[in-house]
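*Asks:* predicted model and sequence follow; I will ask about them next.
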Amino acid sequence: MKLKRFKAQDHKRKFIIIFTVCCIFLLAGVFLYTTFAVFTEEKEFNVINGKYQDPGDLYFAFYVDGEITNTFPNKDSGYTLDEAQSSCTNGAEITWDNDTWSAAINFSNYFVGNMSRTKCTMYFVEMSFSDSILACNDTAANCITKNADKNTEELVYDETVDNNLRYIGSDVNNYVLFNDELWRLMEVMNNVVLEDGTTTSLLKIVRNESIGEYSFDNNRSFKNIYSEVGIKDTLNSGPYWNRTSGTCPFMIGALSSTLTTACDFTNTGLTENAKTMISSVVWNLGAVDLSSFISEIYAQERSGNTTWTGYVGLVYPSDFLYSVNLSEECSEKTPSEGSETCYDDGYLHMGYSITALASTTNSAIRVGDALINAAWPTWNPMHIYPSLYLNSDIKIVSGTGVESDPYIFSL
């Protein structure tokens, strides 16, 4: 029998082979893991109109009108973030800036009780009317007009030849802060003639509270044309305009020897800042017949050649009539037929209007508090609510229009 030479096992060689194979598998595993990790760390999300590098522990979910979506609404979409409904997990907090259209995540209260990722859920809802006004990059008159369809319960077109946009009703969110006090935004008036003869659309406002009870006219002739009466001077060149004290028209009878009374507007007259916001416009002073329908009254106010150009006036009868949310029955009546029964659903208070009564030469028209009728004679003291047109470049910069949070204007 042939004997084979005995060979000792080469353990060292086996060890080297096994070690090499293990190293190869280990390196391959590390490479695959690193590649996967890099891929997941570098994935990009289109968040807040920009690129967001996901760190691996934060992600977002978007809802629009309650429906989940992967399409982020843009700034001009008419939507905004519902911050009350939106939230993040793990103690993170989300805040929103409409101006920059961006979100910020606050990690000051961040905690991780487990290894779960942080999820921020963002709910977008259609902007309210007031939010849309603030987000609108245009003049106040244009912004209100553009978004009128969001507030059809309070804003209605008057269907006159000028198609003005009016606030209507008794409980209306049309408060504005002007002259450091509350006023009411009555309407967007179209085709207003400025002092230079050009026409434009302007906001018209009225003071929320009376500045006092004064006569329309006090010169014993009992005039009823605004350009000729004493109260016009008080508002445009006298104590109210100059924010001083002085005398104002006031008679208590046709034979009264007293034609004026002391008045003090040092705290309630127009400030210099307020004056910069007022437009000098052409005020039409046509006399009105209260037995006419509303659209006819609007035309009568603008008929004839009687006008006055200036800053501060009073409301028109049509301002009052279009501010009332009329019932179907009342809409078919003239002011003479419906006075004291049809005009209780409006926000304007009783006082002198700027307009003369057509049937006499010494009667103006009073409006407000469910009433529109003759103010006879014009020496009779009555509440005065100044009214004016704001400059065309006025913008609304804050507020919601409610009494506790009025709109604030800026040039």
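*Replies:* Ah, there it is. Residues are numbered from 1 along each chain as shown.
*Asks:* from here on, contacts and neighbour counts on C-alpha atoms
*Replies:* Fine.
*Asks:* strands along the stretch 151-300 of the chain, start to end?
*Replies:* Along the stretch 151-300 of the chain, the segments classed as strands by DSSP state E, counting those that start in this stretch run 155-157, 165-167, 175-178, 181-193, 199-207, 213-214, 245-249, 260-264, 281-284.
*Asks:* neighbouring strands - and their directions - for the longest one?
*Replies:* Based on DSSP bridges, the pairing partners of strand 181-193 within the sheet are strand 165-167 (antiparallel), strand 175-178 (antiparallel), strand 199-207 (antiparallel).
*Asks:* buried stuff in the last one?
*Replies:* The one in question is strand 199-207. In terms of neighbour count (16 or more other C-alpha atoms under 10 Å), strand 199-207 has its buried residues at Ser201, Leu202, Leu203, Lys204, Ile205, Val206, Arg207.
*Asks:* quick check: the fifth one touching Val188?
*Replies:* No - taking contact to mean C-alpha atoms under 8 Å, the distance of 9.3 Å between Ile205 and Val188 leaves them out of contact.
*Asks:* tell me the mean pLDDT over stretch 98-118?
*Replies:* Across stretch 98-118, the average pLDDT comes to 80.
*Asks:* just the endpoints, please. Distance across it?
*Replies:* 24 Å (C-alpha to C-alpha, to the nearest Å).
*Asks:* not counting it itself, show me its contacts.
*Replies:* Contacts with stretch 98-118, where a contact means C-alpha atoms under 8 Å, 6 or more residues apart in numbering, come from 48-49, 56-59, 75, 80, 88-97, 135.
*Asks:* only whichever of these are buried, select them in PyMOL.
*Replies:* Buried subset of the contacts of stretch 98-118, written as a PyMOL selection, criterion 16+ other C-alpha under 10 Å:
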select buried, resi 48+59+75+80+88+89+90+92+93+94+96+135
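*Asks:* hang on, the earlier thing: can I get the strands paired with strand 181-193 in JSON lines with mean pLDDT?
*Replies:* Converted to JSON lines, the strands paired with strand 181-193 look like this (pLDDT from 0 to 100):
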{"stretch": "strand 165-167", "mean pLDDT": "98"}
{"stretch": "strand 175-178", "mean pLDDT": "98"}
{"stretch": "strand 199-207", "mean pLDDT": "98"}
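*Asks:* of all these, which one is nearest Asn151?
*Replies:* With C-alpha to C-alpha, the closest approach to Asn151 among the strands paired with strand 181-193 belongs to strand 165-167: 9.7 Å.
*Asks:* gap between the closest one and the chain center?
*Replies:* 13 Å (C-alpha atoms, centre = their mean, to the nearest Å).
*Asks:* show me where the stretch 1-150 of the chain has its helices.
*Replies:* 11-42, 129-135, 140-146 (DSSP state H, counting those that start in this stretch).
*Asks:* just give me the lowest mean pLDDT stretch among the ones you listed.
*Replies:* helix 11-42 (a mean of 52).
*Asks:* please name the nearest non-neighbouring residue to Ser221.
*Replies:* Counting by C-alpha to C-alpha, 6 or more residues apart in numbering, Ser221 lies nearest to Asn362, which is 7.9 Å off, once chain neighbours are set aside.
*Asks:* I'd like to know how many residues surround Ser292.
*Replies:* Here the number of neighbours of Ser292 (other C-alpha atoms under 10 Å) works out to 16.
*Asks:* how about the one 3 residues further on?
*Replies:* Around Ser295 sit 15 other residues, with neighbours defined as other C-alpha under 10 Å.
*Asks:* thinking again about what came up before, distance to Val397 for the strands of the stretch 151-300 of the chain - can I get that in JSON lines?
*Replies:* Shown next, in JSON lines, are the strands of the stretch 151-300 of the chain (distance: least, C-alpha to C-alpha, whole Å):
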{"stretch": "strand 155-157", "distance to Val397": "20"}
{"stretch": "strand 165-167", "distance to Val397": "20"}
{"stretch": "strand 175-178", "distance to Val397": "11"}
{"stretch": "strand 181-193", "distance to Val397": "15"}
{"stretch": "strand 199-207", "distance to Val397": "15"}
{"stretch": "strand 213-214", "distance to Val397": "34"}
{"stretch": "strand 245-249", "distance to Val397": "33"}
{"stretch": "strand 260-264", "distance to Val397": "31"}
{"stretch": "strand 281-284", "distance to Val397": "24"}
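*Asks:* between the ones you listed, which gets nearest to Glu272?
*Replies:* Comparing the strands of the stretch 151-300 of the chain by C-alpha to C-alpha, strand 175-178 comes nearest, at 11.7 Å.
*Asks:* how far out from the middle of the chain is that closest one?
*Replies:* Between the centre of strand 175-178 and the centre of its chain there are 10 Å (C-alpha atoms, centre = their mean).
*Asks:* cool, stretch 360-377 as well?
*Replies:* 32 Å.
*Asks:* in it, what's buried?
*Replies:* So for stretch 360-377, counting by 16+ other C-alpha under 10 Å, buried means 361-377.
*Asks:* re earlier: quick one: the strands paired with strand 181-193 as CSV, columns for distance to Arg243 too.
*Replies:* Listed next are the strands paired with strand 181-193 as CSV, based on distance: least, C-alpha to C-alpha, whole Å:
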stretch, distance to Arg243
strand 165-167, 29
strand 175-178, 14
strand 199-207, 15
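*Asks:* out of those, the one nearest Ser327 is which?
*Replies:* Comparing those by C-alpha to C-alpha, strand 165-167 comes nearest, at 15.8 Å.
*Asks:* residues contacting that closest one, please?
*Replies:* 145, 154-158, 174, 185-189, 322-323.
*Asks:* 10 Å instead?
*Replies:* Applying C-alpha atoms under 10 Å, 6 or more residues apart in numbering, the external contacts of strand 165-167 come out as 141, 144-145, 148, 151-159, 173-174, 184-190, 203-204, 319, 322-325, 346-347.
*Asks:* may I see the PyMOL selection of the buried members of these?
*Replies:* Selection of the buried residues among those in PyMOL, burial being defined by 16+ other C-alpha under 10 Å:
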select buried, resi 141+144+145+148+154+155+156+157+158+173+174+184+185+186+187+188+189+190+203+204+319+322+323+324+325+346+347
